[in-house]
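Student: Turn this into a structure:
(one chain, ligands or ions: 2)
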Amino acid sequence: MTSPILITGAGQRIGLALAQHYLTQGQKVIITYRTRHDAVEKLAQQGVTCIHADFSTDAGINEFINTLKAHTQSLKAVIHNASSWDCEANNPDHAKLFDNMMRIHAKTPYLINMQCADLLLAYQQASGAAADIVHLTDYVVETGSPKHLAYAASKGALDNLTKSFSAKYAPNIKVNAVAPSLIIFNEHDDEQYRAKTLKKSLMGIEPGCQEIINSIDLLLQSQYITGRSIPVDGGRHLK
Ligand SMILES: NC(=O)C1=CN([C@@H]2O[C@H](COP(=O)(O)OP(=O)(O)OC[C@H]3O[C@@H](n4cnc5c(N)ncnc54)[C@H](OP(=O)(O)O)[C@@H]3O)[C@@H](O)[C@H]2O)C=CC1
Ligand SMILES: Nc1nc2c(c(=O)[nH]1)N=C([C@H](O)[C@@H](O)CO)CN2
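Tutor: Ligands and ions are numbered 1, 2, ... in the order given. This next block holds a predicted model:
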């Protein structure tokens, strides 16, 4: 049984780099995308199962889960990558912002993990190896964020779900998190913001997606690590 790896929000940036990495390794890959970027077309041409999913409503989450189950009977891993880095300054309706952050960063992974565990168990029973769930959280789980309060709280909820799901699903499914700080800038980030951000870590670099790929590969290759969060933050906690 060649069980696929599911990566959510893989139409661009880190999720796309992950999809390309596992595709190159000959691994079956399923991705979700919200916007059909050109990169999604290319992934589809390369044999990746690309499922449209908008996790901004409960119905959208449930629709995706039903579509996923129509595409596969097993999963080697689920990588919860889909995310929206929204701030209070740009979202005056704070109640709506809070709901949106919690839905994309906590409710979506929660419902997928609750309703798709059977697919992960099918992989474990066929292979004898534990399946994997990986949550992409954020360094701000440790510190909070005065400019992204709802975002940070929702990533904190996802960090806590890592511990709960690890205990719930062990030993057949391992559940871990990767907690990045700066990995890649956004195109609209100006020079002042980039310079300020680079100074926040000891390493002082924009490391790129390979750092996340390396961290997730470590988790997928382990048969022992579970319930943990790998910080990928350039020593920001010591600055
Ligand atoms: N980039 C960085 O430096 C850092 C990243 N992280 C975390 O790493 C992960 C990947 O980061 P990055 O690649 O920058 O992520 P992006 O900001 O590029 O978002 C990834 C994808 O999530 C999708 N998405 C957003 N909202 C929804 C939704 N409601 N329904 C479905 N899909 C949605 C987006 O779709 P669309 O293409 O339609 O917009 C996008 O393609 C995220 O979890 C992020 O929080 C943490 C710290 C630093
Ligand atoms: N979904 C996203 N989450 C985050 C992003 C991003 O671009 N998309 N970027 C960051 C920053 O790089 C931050 O870690 C450093 O300023 C945080 N989360």
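Student: Pull out the buried residues from stretch 37-46.
Tutor: Going by neighbour count (16 or more other CB atoms under 10 Å), the buried part of stretch 37-46 is 39-40, 43. Glycine gets a C-beta too; all of them are placed from N, C-alpha and C.
Student: Over to stretch 172-185?
Tutor: 173-184.
Student: what about it and ligand 2, any contact?
Tutor: Yes - Stretch 172-185 reaches ligand 2 (CB under 6 Å from any ligand atom) through 181-182.
Student: Start and end of that stretch, how far apart?
Tutor: End-to-end distance for stretch 172-185: 36 Å, by CA to CA, to the nearest Å.
Student: how distant is that stretch from the center of its chain?
Tutor: How far stretch 172-185 lies from its chain's middle: 7 Å, per CA atoms, centre = their mean, to the nearest Å.
Student: can you check stretch 111-129 too?
Tutor: With CA atoms, centre = their mean, you get 17 Å for stretch 111-129.
Student: And stretch 134-154, by the same measure?
Tutor: On the basis of CA atoms, centre = their mean, the separation between the geometric centre of stretch 134-154 and that of its chain is 13 Å.
Student: wait, does that stretch make contact with ligand 1?
Tutor: Yes - counting by CB under 6 Å from any ligand atom, ligand 1 has neighbours in stretch 134-154: 136, 138.
Student: Look up how far ligand 2 lies from Ser56.
Tutor: Per CB to the nearest ligand atom, to the nearest Å, Ser56 is found 14 Å from ligand 2.
Student: Are we agreed that that residue is in a helix?
Tutor: No - according to DSSP: H, G, I helix; E, B strand; the rest coil, Ser56 belongs to no helix; its state is coil.
Student: quick one: contacts for it?
Tutor: Residues near Ser56 by CB atoms under 8 Å, 6 or more residues apart in numbering: 100, 103-104.
Student: Kindly report the same for Asp132.
Tutor: Applying CB under 8 Å, 6+ apart, we find Asp132 in contact with 76-78, 120, 173-176, 219-220.
Student: Arg228 too?
Tutor: Arg228 makes contact with 162, 176-177 under the criterion CB under 8 Å, 6+ apart.
Student: can I get those in TSV with pLDDT and secondary structure?
Tutor: Shown next, in TSV, are the contacts of Arg228 (pLDDT from 0 to 100; DSSP: H, G, I helix; E, B strand; the rest coil):
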residue	pLDDT	secondary structure
Thr162	99	helix
Asn176	99	strand
Ala177	99	strand
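Student: one step back: please identify which pair of the buried residues of stretch 172-185 lies farthest apart.
Tutor: Ile173 and Leu182 (30.2 Å; CB to CB).
Student: can you tell me how far the residue minimising distance to the centre of the chain sits from ligand 2?
Tutor: Relative to the mean C-alpha position of the chain, the nearest C-alpha, by CA atoms, centre = their mean, is the one of Asn81, at 2.0 Å. Separation of Asn81 from ligand 2 (CB to the nearest ligand atom) stands at 9 Å.
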